[in-house]
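J.: The following block contains a protein sequence and its predicted model.
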Amino acid sequence: MLYLADLHHDNLIKVGITSDFRITADGWRLFREVELRRQHLEPGLKVFLWQRLPWGWHDAEEKWEREVLSAHRDRSGRLQIFANQHRSQEVVEATRAEARDALYSVLSKTEVDPAAAADKISPDRVDWRFESFVRRQYYPRYSPADIASEWRSAIMRLAFLFHLRGEPIARWERETCGFDCSEIARLSRERRS
């Protein structure tokens, strides 16, 4: 997982990766900030944004971390490469909003074209927004493996594309509102054959 943390002084943001998380009663995963504070010797560290890397894209978390740092450097020119007073050595002088924008600019490379056909989208690389779509629309306790499995279904990718287009997702609702259902019918026929 990639995280952004505020160090609570001098507008310094830590960009990092961690596998330290806990599962809460509602199924969401939260970072163990106490362990991160201890690991980085940063008593004021406060994680304000975290992102599990999309399935199929996280073969090198360090690469993603570097890309977020590079995106920030390219946008602001204020990357501090050596921060000797910080154990993590590399922090960014930024506001939370600037750091968030840098993270989202890197994640945007996973975004699919909403106008694409569902069966033309790679089933091996998930759009970073798909997990929250599935959790909101279907079931909040889906695991990362479940998310990957759902993405492999062309019908689920199609529902996601409808969502991105701002169109109804359910077939009955699409038909009632006069939206085209030909792609649903075609994918259903292909799945049966």
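T.: Received the coordinates, thanks. Numbers count the residues shown, from 1 in each chain.

J.: Identify the residues contacting the top helix by length along the chain?
T.: For the chain, the helix with the greatest residue count under DSSP state H is helix 61-76. Helix 61-76 is contacted by residues 1-2, 4, 15-17, 53, 57-58, 78-79, 90, 92-94, 98-99, 101-103, 105-106 when judged by CB atoms under 8 Å, 6 or more residues apart in numbering. C-betas here are computed from N, CA, C, even on glycine.

J.: Is it possible to mark the buried ones in those residues?
T.: 1-2, 4, 15-16, 53, 57-58, 79, 90, 92-94, 98-99, 101-103, 106 (16 or more other CB atoms under 10 Å).

J.: what secondary structure does the residue nearest in space to the middle of the chain sit in?
T.: In the chain, the residue lying closest to the centroid (CA atoms, centre = their mean) is residue 128, at 4.0 Å. Under the three-state scheme (DSSP: H, G, I helix; E, B strand; the rest coil), residue 128 adopts coil.

J.: residues in contact with it?
T.: Going by CB under 8 Å, 6+ apart, residue 128 touches 51, 53-54, 57, 107, 110-111.

J.: Among these, name the least confidently predicted one.
T.: When the contacts of residue 128 are compared by pLDDT, residue 57 scores lowest at 78.

J.: Just want to check the distance between that one and residue 48.
T.: 22 Å (CB to CB, to the nearest Å).

J.: Okay, helices next: where are they in the chain?
T.: For the chain, the helices defined by DSSP H cover 33-40, 61-76, 96-107, 130-137, 144-152, 154-165, 171-177, 182-192.
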